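Visitor: Okay, predicted coordinates and the sequence, questions at the end:
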Amino acid sequence: MVDAGNTVARVTDAKVAVRDLTVRYGAHVALKDVSLEIREHEILGIIGPANSGKTSFLRAINRMDSFTPAMSVDGTIEFAGRDVREIRNLYALRRRIGVVFPLPVGLPLSVYDNVALSPRLRGIRKRAELDVIVERCLTRAALWDEVKDRLKSLGSLLSGGQQQRLTIARALSQDPDLLLLDEFSIAVDPVTTMRIEDVLKELKKEVTIVLVTNLVQQARRLADRTAFFLMSECVEVAETEAFFDGRAKDPRSVDYVEGRFG
């Protein structure tokens, strides 16, 4: 893996430090010897063809292998200075790491209860306190104005774009330090996608964001740095501006962003 920004020095303000990460599903190697760092309050975009290991990278950070018997993880992932493999309380880890999947995962609950679920699990019971959290998270997800008069309605009755923003609000209700987004716009219309992108630009002031996307131009619009994954390897990590203006170091990166394959 080549880091176009700095090939030697360790980034001192890393929120996540990944070293020699290899992910397997049985005999299949999904990721091989990936090393990179995710900086505090940045959006790191991850691009690459399908089956290049992007989603497996997110799954490893959030220790989803705990629920996937065939998945095995080798290497080191440090989150806020701690090895995630050594954190025994998975709920405590996932409280700090929010995940948004490609398709909205609506719980069979009201809009209000979708967002209030995590705070309640943390022991927050007072309605007034929950009201503040729900409104804040829905506002941060650019959804409050659209649903404030139907908080008791089922979240599953919202439109696809609204459900995806509800998923983001639910992730934010955990008060995470790190937000992992896996193809969040795959089932969302272009107008809603742009609204969510505006939300993410604001959110990075408060949280660190990892954005997996098959939309190369989305990474260009949002990411501070971009990582290119190909055939289970991280080919290159570079400042996004450099990555897209021809200064990527690996010719495969240039070929991909210019649409020569993918």
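Guide: Cool, the structure landed. Numbering: from 1, shown residues only.

Visitor: hey, let's count contacts and neighbours off CA atoms from now on
Guide: OK.

Visitor: Can you report how many residues lie near residue 222?
Guide: Burial measure for residue 222: 19 neighbouring residues, criterion other Cα atoms under 10 Å.

Visitor: give the contact list for the residue nearest the centre of the chain.
Guide: For the chain, the residue lying nearest the average C-alpha position, counting by Cα atoms, centre = their mean, turns out to be residue 180 (1.5 Å). Contact analysis of residue 180 by Cα atoms under 8 Å, 6 or more residues apart in numbering lists 58, 97, 98, 99, 100, 209, 210, 211, 212.

Visitor: got it, and residue 80?
Guide: 14, 15, 16 are the contacts of residue 80 under Cα under 8 Å, 6+ apart.

Visitor: again with residue 255
Guide: With the criterion set at Cα under 8 Å, 6+ apart, residue 255 makes contact with residue 261.

Visitor: you'd agree it is in a helix?
Guide: Yes: Residue 255 forms part of a helix when assessed by DSSP: H, G, I helix; E, B strand; the rest coil.

Visitor: Numbering from 221 from now on, please.
Guide: In the new count, where the first residue is 221, that last one comes out as residue 475.

Visitor: What's the separation between it and residue 424?
Guide: Separation of residue 475 from residue 424 (Cα to Cα, to the nearest Å): 29 Å.

Visitor: Kindly report the same for residue 280.
Guide: Counting by Cα to Cα - residue 280 and residue 424 are separated by 22 Å.

Visitor: Pick out whichever of these two has more residues nearby.
Guide: residue 280 (22 against 17).

Visitor: Secondary structure element for the more buried one, which one?
Guide: Residue 280 belongs to helix 274-281 when assigned by DSSP states H and E.

Visitor: Can I get that helix in CSV? Just the C-alpha atoms.
Guide: Output in CSV follows, covering the C-alpha atoms of helix 274-281 (Å, rounded to 0.1, in the frame of the first residue of the first chain):
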residue,chain,number,x,y,z
LYS,A,274,-14.3,-2.4,1.0
THR,A,275,-17.2,-3.7,3.0
SER,A,276,-15.0,-6.3,4.7
PHE,A,277,-12.8,-3.5,5.9
LEU,A,278,-15.8,-1.8,7.6
ARG,A,279,-17.0,-5.1,9.1
ALA,A,280,-13.5,-5.8,10.6
ILE,A,281,-13.4,-2.3,12.3
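
Visitor: quick one: contacts of that helix?
Guide: By Cα under 8 Å, 6+ apart, helix 274-281 touches 243, 250-251, 266-268, 285, 293, 297, 304, 400, 402, 432, 449.

Visitor: sorry, back to before: which neighbours does the helix or strand harbouring the residue nearest to the centre of the chain have in its sheet, and in what orientation?
Guide: Residue 400 is part of strand 398-402 when elements are defined by DSSP H and E. Strand pairing for strand 398-402, using DSSP bridges, gives strand 317-320 (parallel), strand 428-432 (parallel).
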